[in-house]
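Peer 1: turn this into a structure:
(one chain, ligands or ions: 2)
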Amino acid sequence: MLATTYTVAFSGVDVLKISTEVQLTNGLPSFTIVGLADKAIAESRERVRAALHSLGMMLPAQHITVNLAPADVVKEGTHYDLPIAVALLAAMGVIEPATISSFIMMGELGLDGSIRAVSGVLPAAMAAMRAGMGIVCPAEQGKEAGWAEATPLLAPQNLIQLINYFKNNTPIPMPSATDELFQENTFMDLSEIKGQEIAKRALEVAAVGGHNMLMIGPPGSGKSMLASRLATILPPMTKNEMLEVSQIHSIAGKLRDGHLITTRPFRAPHHSATTPALVGGGSSAKPGEISLAHRGILFLDELPEFSRATLESLRQPLETGSISVSRANAHVSYPARFQLIAAMNPCRCGYLGVSGHECARAPKCGAEYLAKLSGPLLDRIDLQVEVPAVNPWELTFIPKGETSAVVRERVQKARAFAGERFKNTPYTNNAQADGAFLEKIAPMEADALKLLQQAAEKLNLSARGYHRIIRVARTIADMTESEQITKIHISEALSFRTPLQRN
Ligand SMILES: Nc1ncnc2c1ncn2[C@@H]1O[C@H](COP(=O)(O)OP(=O)(O)OP(=O)(O)O)[C@@H](O)[C@H]1O
Ligand SMILES: [Mg+2]
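Peer 2: Ligands and ions are numbered 1, 2, ... in the order given. You can find the predicted model right below:
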């Protein structure tokens, strides 16, 4: 007897349909799983055996062969338990094979027949919806699958509930309603940051143009505070973006309680993070921090403390918006279009430039510390701003500044103005513009050009540094809805350079 169920395998964020064929033949009793299955799937035999036992059923005293097809696709994870068990039940004649063929199934089995959470339910449900199939997933992930709108959606607590549905049409309780989509982040607000007007302005420029930003300042000056507020002034994600981001988190096993990711991700990995933790891959391929930060912010605090190799691995994704990692037997790629916000102290002890606190090695120590960062990485960071220490009395006497909501409105307006020029182009923001396209979108008034050329000569700007100023000036002009770049825009763009900057 042969029966087939369907499930999925993941290659990066791509979903591949997998058929789970179970055949019972006469011969010595055995239970074999073939089809490039990893160890977790091999162990699935024991879970399936125990789950059936808990239902009072024995495995047939026959030769059981499970084939996961196509056989040349690597299969990993524990979600194959459920499709294997259901196909086996159909092969045993417990369930009618025709009733199960229009579902994508995934779930891990407990020894008592319960169905446990697995990663990747959302992308699997979306694949089911596109293929016009239903989805069977663990009860606690019913809400997550619900976002994909695949029908029917079955979210059983245990195997017995599912068998009863297929045998007697006993309904399975539907997951409760999904939650509100647009949620305001109420935990943090830009208005909590006192003073630091230049840094706040730079943050707004970064939000409008999508520029990467590096903040340099002594300890306790508010760099981490500023970075964590960027997400609050960015426009909210669209539903498609939410689904895209949530799918990545689902594959990484990081979607909690069926909630979609509704606010832009903010990821702040520690500087001891390894390269696979940051960019993804490793022994079991999972999205790294940069992919979890997709459509949001990757905050690297204490930038020079990250290992150089780890930082260099960011160069490709910063350019292309995706990361491709090689594994022993496959290449997988994950989306990684994030905005990089980095922070660092000006030197190892942190107090270079703060009078009375500098160490004996100043100012050489600052140059040495910055030299830990490679030129090509710094080249990809358009905004490099100083965040000086705030006086404690300023914290008391400076009134609260603008709220995130006010700034976000301005950001949205400027983005809408800029958005027109990206229609029918591969670009989505000023930060991505380069070369001929940048020249085309950045018409300059004569005295603006003159100022830029003077500055280029005086500061000995490289071609990249020159273009960086134009990109930032383009964004600043967008904030006043000006097509032409004026002298004022260029001079503000020039002010977003630190004295430590090398080109
Ligand atoms: N401009 C500010 N307005 C209000 N509070 C501030 C400001 N700057 C610093 N603080 C206070 O100081 C604390 C430390 O700030 P934060 O962690 O952002 O500093 P940092 O620049 O990241 O320091 P480090 O270099 O040590 O990482 C904040 O939690 C906040 O309480
Ligand atoms: Mg900090």
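
Peer 1: contact partners for the residue in the stretch 151-300 of the chain positioned nearest to ligand 1?
Peer 2: Going by CB to the nearest ligand atom, ligand 1 is nearest to residue 222 of the stretch 151-300 of the chain, at 2.9 Å. Glycine gets a C-beta too; all of them are placed from N, C-alpha and C. Neighbouring residues of residue 222 by CB atoms under 8 Å, 6 or more residues apart in numbering: 193, 196, 199, 387, 390.

Peer 1: repeat that with 10 Å
Peer 2: 192-196, 199-200, 215, 229, 343, 387-390, 395 (CB atoms under 10 Å, 6 or more residues apart in numbering).

Peer 1: cool, and residue 494?
Peer 2: 451, 452, 455, 456, 458, 459, 461, 469, 472, 473.

Peer 1: now do the buried residues in whichever strand or helix holds the third one.
Peer 2: Using DSSP states H and E, residue 455 sits within helix 446-459. By neighbour count, with 16 or more other CB atoms under 10 Å as the criterion, the buried positions of helix 446-459 are 448, 451, 452, 455, 456.

Peer 1: could you export the residues you listed as TSV, including pLDDT and distance to ligand 2?
Peer 2: Shown next, in TSV, are the buried residues of helix 446-459 (pLDDT from 0 to 100; distance: CB to the ion, whole Å):
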residue	pLDDT	distance to ligand 2
448	93	36
451	94	35
452	93	33
455	90	31
456	89	33
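
Peer 1: from those residues, list the ones also adjacent to ligand 1.
Peer 2: Among the buried residues of helix 446-459, proximity to ligand 1 is found for none (CB under 6 Å from any ligand atom).

Peer 1: closest one to ligand 1 out of those, please.
Peer 2: Nearest to ligand 1 among the buried residues of helix 446-459, with distances taken as CB to the nearest ligand atom, is residue 455, at 28.6 Å.

Peer 1: so the closest one touches residue 473, yeah?
Peer 2: No - between residue 455 and residue 473 there is no contact under CB atoms under 10 Å: 11.0 Å.

Peer 1: got any residues that touch both of those two?
Peer 2: Contacts common to residue 455 and residue 473, judged by CB under 10 Å, 6+ apart, are 490, 491, 493, 494.

Peer 1: filter those down to the buried ones.
Peer 2: 490, 493, 494.

Peer 1: look up how far ligand 1 lies from the last one.
Peer 2: If you measure residue 494 against ligand 1 using CB to the nearest ligand atom, to the nearest Å, the figure is 24 Å.

Peer 1: same check on the second one?
Peer 2: Using CB to the nearest ligand atom, residue 493 is found at 24 Å from ligand 1.

Peer 1: next: residue 139.
Peer 2: 41 Å.

Peer 1: one step back: for the contacts of residue 222, pick the one with the most neighbours.
Peer 2: residue 215 (26 neighbours; other CB atoms under 10 Å).

Peer 1: now the phi/psi pair for that one, please.
Peer 2: According to degrees, to the nearest 10, the main-chain angles of residue 215 amount to phi -110, psi 130.

Peer 1: could I get the pLDDT score of it?
Peer 2: Residue 215 is assigned a predicted lDDT (pLDDT) of 93.

Peer 1: from the buried ones among the shared contacts of residue 455 and residue 473, pick the one nearest residue 348.
Peer 2: residue 494 (28.5 Å; CB to CB).

Peer 1: backbone phi and psi for the closest one, please?
Peer 2: phi -70, psi -30.

Peer 1: check the gap between it and residue 470 for me.
Peer 2: Here the criterion is CB to CB, to the nearest Å. By it, residue 494 lies 11 Å from residue 470.

Peer 1: can you name the residue of the protein nearest ligand 2?
Peer 2: Closest residue of the chain to ligand 2, CB to the ion: residue 224 (3.3 Å).

Peer 1: wait, that residue touches residue 342, no?
Peer 2: No - counting by CB under 10 Å, residue 224 stays clear of residue 342, with 11.1 Å between them.

Peer 1: and these two? Which one has more around it.
Peer 2: residue 342 (26 against 16).

Peer 1: which secondary structure elements does the helix or strand harbouring the more buried one contact?
Peer 2: Using DSSP H and E, residue 342 sits in strand 339-344. Here strand 339-344 is seen to pack against helix 197-209, strand 213-216, helix 223-233, strand 297-300, helix 315-320, helix 375-379 when contacts are counted using 3 or more CB pairs under 10 Å, 6 or more residues apart in numbering; DSSP states H and E.

Peer 1: buried residues, the longest one. List them.
Peer 2: What that stands for is helix 197-209. 199, 200, 201, 202, 203, 204, 205, 206, 207, 208, 209.

Peer 1: ok, and does that helix reach over to ligand 2?
Peer 2: No - applying CB under 5 Å from the ion, one finds helix 197-209 separated from ligand 2 by no less than 12.9 Å.

Peer 1: quick one: that helix to strand 339-344, angle?
Peer 2: Orientation of helix 197-209 against strand 339-344 (axes from the mean of the first three to the mean of the last three CA atoms, to 10 degrees) gives an angle of 160 degrees.

Peer 1: please state the offset of helix 197-209 from the chain centre?
Peer 2: A distance of 22 Å separates the centroid of the chain from that of helix 197-209, by CA atoms, centre = their mean, to the nearest Å.

Peer 1: longest strand of the chain?
Peer 2: Across the chain, the strand with the greatest residue count (assigned by DSSP state E) is strand 14-25.
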